[in-house]
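[1] Curious how this folds, go ahead:
(2 chains)
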Amino acid sequence: MDVIVTDVEKGRRPSTVPGLGRQLRSEEMVISMGPQHPSTHGVLRLELVVDGEIVVDVIPHIGYLHRCFEKHCEHMSNYQQVVPYTDRMDYVAAMSSEFGYVVAMEKMLKIQVPERVEVIRVIMAEFSRIVSHQIAIGTYGLDIGAFTPFLFCMRDREHILDIIEETCGARLLYNYNWIGGLSHDVKPDFQDKVREFCRYFKPNIVELNNLLSFNKIFVERTANVGVLPAEVAINYGASGPVLRGSGVAWDLRKNDPYSIYNRFEFDIPVGSGERGATGDCWDRYMVRAREMEQSVRIIEQAVEMLVPGDVQSAIPKRIRPEAGEIYVRTETPKGELGYYIVADGTASPARVKVRPPCFVNLSALPSMCRGSMIADVVAILGSIDIVLGEVDR
Amino acid sequence: MKTELLNLIANEVLVYTLMAVVPLLWVIPFALFAVWWERKISAHMQDRLGPMLTGGWHGWAQTIADIAKLIQKEDIIPTAADRKLFVLAPYVVFVGSYAAYAAIPFAAAYVGAEINVGLFYIISISSLVVIGLLMAGWASNNKWSLYGSLRSAAQIISYEIPVALALLAAVMVAGTFDMQEINRLQSGSILDWFIFQKFPFLFLAGIIYFVASLAEVNRTPFDLPESESELVGGYHTEYGGMRFALLFLSEYANMFAVSAILVTLFFGGWGSPFGSFLSGAWYFDLGWFLLKSMVVIFVQMWLRWTLPRLRVDQLMYVGWKVLIPFSFVIILGIGAWVIAAGH
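    Below you'll find the predicted structure:
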């Protein structure tokens, strides 16, 4: 096939087609996917080198959503002000990003937060895990071409957002976890609402699985696609469902428990190559679907542990940690979120460095995509579940 | 209908023009209705309401408002586009899909052109759409559009074979290409429909035709040429305003055309399923024909809002390795049956 090169300056095609009459040649085509492409889950740009429908290489270009998160933190007048900024990293699971930061700060300040705060935080973090996975699964359905599962997910997500909204007034960016406590206590009927949600949600996971997860076409599209072997995943530093999809049972809630996660009973779903090879898109997808069930399990246990108490009793009046540094990692829905915080004895952090799971997971994309088809790139990217707010920060 | 009109007007040119315009009176309101209908169906399948405000009752005027908006839109042709082809393409697409209506029998009293090779004509004329789609994708000078139109060409050409073979199976039973004659052969009760003849051969042929026709009109799970999550809309990405509306219109016109062919060849066309009950007059014929076609269209929409999309190689697999061999088996089976039974 001849590739016609557009004369960009003049805005029209050259009048003579190069190569015509001579020997026909074929060439790879460079095509830009994003930043305004519906399936790049934000403003990611992928530079695809394609040979027909086959993808020869993928070069991700990031940075379109860079908001200088780390630099901003250094200019806050106190440590508490960083929390709203962490919300804006992984904005579909803001509770988890906050959670990681406040856990790190509390460890640095050696604060023991009340039992009630820990329990509410775990419930909220698991809620945001469900919300995040619902968006991941729903938009993954969209990527594969199924529209309805997305709206089913959004419908169930509403119920969680309603509970969170009742608690802290916000539906997306909460600023709920404060260093040493919470911004608001939960409402008196919180426990009933959470129990009711768990009852409501469990059958819907089954419905979602019947509609999408085990759909023949969906399995055909995702099984054996974008296989990421366990050792490659580890070498890339992948974490979260991407790592667990490759069959590695690594979950910080179990392997390096923080907060009160060591008190709960739950399983770590891992990919086992049920429908194809271990570590394919279907495995990564299914890890998320099964993690939602486990999160419901944790919430059901946690809601019974809720003891009365004051959620703001441990909030320090003045946060001025001694000079030093700390690195704390927590398990967000996307994977391992690490905060490296350097304090210099003043009221604002000297340095905040984030180890974002999405950014690290995204680095494995080119190795998964080479040799697949264009439609597979969309499927593989969706199965990594990136949020550009966190990739670019 | 032609003879009555000739007696009335006695001007052949005028009569033929009138005959040709009649399906248009159906296609445009149908497209307006079907877009709204599809939005309502998808909404109810997805636990939401869909359009509810425009026009009052369940947002019935939504598509009319949409079209009014599209007509008012600025006419944009990309700088780098091939202007002539870009402008021409939507018309070619629409002509291709509208021309098929000439041989679709809406009632015993009306078929646009009573030709004895009606089915043959439909199969060949609807291939014209591919040229229009290729023109649209190429002229847009957008790589994604080009992908869409190339996929579309590959898909429609591949799936025309099982379509033609499945229809051929029905023709072997009917012994004619004349759409009205095929329809008349199925008159009587529901059991006279071709779908139940030579069981299970024609039944399978009907299914094969339905599946392949979904690919012919780019419906889910074969909507690769315009898959919005991969190709951002495919060949009609660069179109806006009335040109886009025309591409959209021809898509819905195509949907109805393939449903009408399925109904005519396998489900008794305009014939009543209950023998002489509710049949005879032209309005009964038309009513049955439209009702049956709408049921088929409903199934198309139902599939669209349930199933994911195939990948391009899986699409080719289904076409070449599943549908075509099965159609050959069906044709062989029916051939053997006809020879053995003598009819």
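[2] For the rest of this, base every contact and every neighbour count on C-alpha atoms.
    OK.
[3] just the helices in the stretch 151-300 of chain A please.
    For the stretch 151-300 of chain A, the helices defined by DSSP state H, counting those that start in this stretch occupy A:190-208, A:216-222, A:230-236, A:241-245, A:252-255, A:281-305.
[4] Can you list the buried residues in the host helix or strand of B:Trp144?
    Using DSSP states H and E, B:Trp144 falls within helix B:143-174. Residues B:143-153, B:155-156, B:158-171, B:173-174 are the ones in helix B:143-174 that count as buried (16 or more other C-alpha atoms under 10 Å in any protein chain shown).
[5] can you pull the contacts of the residue lying closest to A:Tyr176 once chain neighbours are set aside?
    Nearest residue to A:Tyr176, sequence neighbours excluded (C-alpha to C-alpha, 6 or more residues apart in numbering or on different chains): A:Ser183, at 5.1 Å. Counting by C-alpha atoms under 8 Å, 6 or more residues apart in numbering or on different chains, A:Ser183 makes contact with A:Cys168, A:Asn175, A:Tyr176, A:Asn177, A:Gln312.
[6] Kindly recompute the last result at 10 Å.
    Shown in contact with A:Ser183 (C-alpha atoms under 10 Å, 6 or more residues apart in numbering or on different chains): A:Thr167, A:Cys168, A:Tyr174, A:Asn175, A:Tyr176, A:Asn177, A:Val311, A:Gln312, A:Ile315.
[7] re earlier: the helix or strand that the helix holding B:Trp144 is followed by - contacts with which helices or strands?
    Sequence-wise, the next helix or strand downstream of helix B:143-174 (DSSP H and E) is helix B:179-185. Here helix B:179-185 is seen to pack against strand B:105-107, strand B:110-111, helix B:118-125, helix B:143-174, helix B:241-266 when contacts are counted using 3 or more C-alpha pairs under 10 Å, 6 or more residues apart in numbering or on different chains; DSSP states H and E.
[8] what helices or strands is the following helix or strand past helix B:179-185 leaning on?
    Next helix or strand after helix B:179-185 toward the C-terminus (DSSP H and E): helix B:201-216. On a contact count with 3+ C-alpha pairs under 10 Å, 6+ apart, helix B:201-216 meets helix B:143-174, helix B:241-266, helix B:282-304, helix B:324-341.
[9] ok so, going back, of the buried residues of helix B:143-174, which are in range of chain A?
    B:Lys143, B:Trp144, B:Tyr147, B:Leu150, B:Arg151 (C-alpha under 10 Å from any C-alpha of the partner chain).
[10] Please state the backbone phi and psi of the nearest residue to the second one once chain neighbours are set aside?
    Looking back up the chat, that one is B:Trp144. Excluding its sequence neighbours, the residue lying closest to B:Trp144 (C-alpha to C-alpha, 6+ apart) is B:Leu231, at 5.4 Å. As for B:Leu231, its main-chain torsions (degrees, to the nearest 10) stand at phi -100, psi 10.
[11] Wait, B:Leu231 touches B:Leu150, no?
    No: B:Leu231 is beyond contact range of B:Leu150, at 11.6 Å (criterion: C-alpha atoms under 10 Å).
[12] shared neighbours of these two, which are they?
    By C-alpha under 10 Å, 6+ apart, B:Leu231 and B:Leu150 have these common neighbours: B:Trp144, B:Pro225.
[13] Which phi and psi values does the residue in the stretch 1-150 of chain B that chain A sits nearest to adopt?
    With C-alpha to the nearest C-alpha as the measure, B:Ala80 is the residue of the stretch 1-150 of chain B nearest to chain A, at 5.0 Å. Main-chain torsions, B:Ala80, degrees, to the nearest 10: phi -90, psi 0.
[14] What separation is there between it and B:Ile131?
    Here the criterion is C-alpha to C-alpha, to the nearest Å. By it, B:Ala80 lies 20 Å from B:Ile131.
[15] next one: A:Ser128
    Distance from A:Ser128 to B:Ile131, by C-alpha to C-alpha: 50 Å.
[16] the more surrounded of those two?
    Counting neighbours by other C-alpha atoms under 10 Å in any protein chain shown for A:Ser128 and for B:Ile131 shows that A:Ser128 has the greater number, 27 against 17.
[17] where does the residue in chain B that chain A sits nearest to land on pLDDT?
    Using C-alpha to the nearest C-alpha, the closest approach of chain B to chain A is made by B:Pro308 at 4.1 Å. In this model, B:Pro308 is scored at 88, pLDDT.
[18] For stretch A:129-143, give the mean pLDDT please.
    Stretch A:129-143 shows a mean pLDDT of 91 in the predicted model.
[19] now check it, is it near chain B?
    Yes: counting by C-alpha under 10 Å from any C-alpha, chain B is contacted by stretch A:129-143 at A:Thr139, A:Gly141, A:Leu142, A:Asp143.
[20] What about these, which are in strands?
    Taking DSSP state E, every one of the residues of stretch A:129-143 next to chain B sits outside strands.
[21] now, which of those sits nearest chain B?
    For those, the nearest to chain B is A:Asp143 (5.3 Å; C-alpha to the nearest C-alpha).
[22] In this structure the closest one contacts B:Glu230, no?
    Yes: A:Asp143 lies in contact with B:Glu230 (C-alpha under 10 Å); the separation is 7.4 Å.
[23] Give me the common contacts of those two.
    Looking at what touches both A:Asp143 and B:Glu230 (by C-alpha under 10 Å, 6+ apart), the common residues are A:Pro38, A:Ser39, A:Thr40, A:Ala375, A:Asp376, A:Val377, A:Val378, A:Ala379.
[24] Many thanks, have a good one.
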